[in-house]
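S.K.: I need the structure of the sequence given here:
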Amino acid sequence: MKFKLLVCSAFLLAGNAMYAQDYSFKVFGSKGNNTANGMPLKVGAKLKDSEAVTVDGAYLGLANTNGKTVEITTKGTYKIKDLVGQALKQANSSLTSKYAAFVVNELTKDDGESPTQNRSKYMNKTGSVDRSPDMVAMVPQVGSAESTNQDEHSTKFYGTHVAFRWFLKPSSSDTKPEDVKGYRVFVTDMSEKIYMTQDAANNVNSVSFNLTGEAAQQSTLLIKVVPITKDLGTNPSNEKLFQNEKGIVIHKIEEDKAKQIAADLKQICVNPDETVNKLIAARYFEENGLFVDAIAMYEEVIKANPNQEKYKKMYQDFLAGNKLTKEAYDEAVANATANAK
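M.R.: Numbers count the residues shown, from 1 in each chain. A predicted model of the protein is given here:
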């Protein structure tokens, strides 16, 4: 019997007292056709001592109530009681990351449990009021408290896979939601040379880009999300649309810091399941104020796992915890208006 044991530290251990004692493991990762009692194993499923799991896929991750995790990568049938016994014999692993522990803890929470409150040292820098004449508010607007540039329409990024979210501002113009047929997203340099565009439907409020070619070589990029309204016709030109919005500027982090991040990710993203690795990376990016990278990770995970509600909940908790939602923006607008009176 081959499996990998990963011991999660304080984040997971702190939650042990809250776990009900009617089960021994919760599933935090499952790839392929893995079952218990003939039923597919989903993230969050509980397993008792008396049960057995059949691993017919590439990976199964189980979190034990004693704070340890068992990761199985070899096909076979395993008795839960035996897995508990093996886990209890293992010494703590010094390689366990707080990011892995956070992800496991979030994925094994019961549905009624509250999301983590202390999410990021950068969270007060997000959800600010966008006072530009743009019809859309883009998030995140500020991604780093360390930035010397206090322009609220800028943020930082690390990788070539970035993502953005947006929503129509309330009362920003005469444009109503029903007048919007869709959106066109632009990626340009600061001289407004267009590198990439992508159209989105009117019910979509996020988009991801894999930066390639010249776009990937730039240290600073301009991102615009422009509503395509009914009065602009069926297929308006880029030139006609481009001047309608100010957009946000994204700055690539410094080379030395990028090298450190690459080294950190190599060390902490060692799970056999790439989905779990992407969630670990998303948490790492969040902790370092790189929200466009974190959003990209979450969007990629959800696109690959459209029926996995635990991943969607984790993404929504991330957005809410860092004030990256329309509700947070509307609240900021209301507070700013009240303070101005």
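
S.K.: return the helix or strand in the chain with minimum mean pLDDT.
M.R.: Every helix and strand of the chain was ranked by mean pLDDT, DSSP states H and E. The lowest is helix 10-14, at a mean of 37.

S.K.: for this structure, which residues score under the pLDDT cut-off?
M.R.: 1-21, 66-67, 87, 89-97, 112-133, 141-153, 171-175, 341 (pLDDT under 70).

S.K.: look up which helix or strand the residue nearest the centre of it falls in, please.
M.R.: Note on the chain: the residue nearest the mean C-alpha position is residue 298, at 3.2 Å, using CA atoms, centre = their mean. When elements are assigned from DSSP states H and E, residue 298 belongs to helix 291-304.

S.K.: same thing with residue 166?
M.R.: If you go by DSSP H and E, residue 166 is part of strand 161-168.

S.K.: after that strand, next one along is what?
M.R.: Taking DSSP H and E as the definition, the helix or strand right after strand 161-168 is strand 180-188.

S.K.: ok, then the element right after that following strand?
M.R.: Next helix or strand after strand 180-188 toward the C-terminus (DSSP H and E): strand 194-201.

S.K.: and the contacts of that next one?
M.R.: Strand 194-201 is contacted from outside by 182-189, 207, 209, 211, 213-215, 218, 221, 228, 238, 242, using CB atoms under 8 Å, 6 or more residues apart in numbering. C-beta here means a position set from N, CA and C on the backbone, and glycine is covered the same way.

S.K.: that strand: partners in the sheet, and parallel or antiparallel?
M.R.: In the sheet, strand 194-201 lines up against strand 180-188 (antiparallel) (DSSP bridges).

S.K.: in PDB, list the C-alpha atoms belonging to the strand it pairs with.
M.R.: What follows is strand 180-188, C-alpha atoms only, in PDB (Å, rounded to 0.1, in the frame of the first residue of the first chain):
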ATOM      1  CA  VAL A 180     -25.300  46.500 -22.500                       C
ATOM      2  CA  LYS A 181     -25.000  43.700 -25.100                       C
ATOM      3  CA  GLY A 182     -21.500  42.600 -23.900                       C
ATOM      4  CA  TYR A 183     -18.000  43.700 -23.100                       C
ATOM      5  CA  ARG A 184     -14.700  44.000 -25.000                       C
ATOM      6  CA  VAL A 185     -11.500  43.600 -22.900                       C
ATOM      7  CA  PHE A 186      -8.300  45.200 -24.100                       C
ATOM      8  CA  VAL A 187      -4.700  44.500 -23.200                       C
ATOM      9  CA  THR A 188      -2.400  47.300 -24.400                       C
END
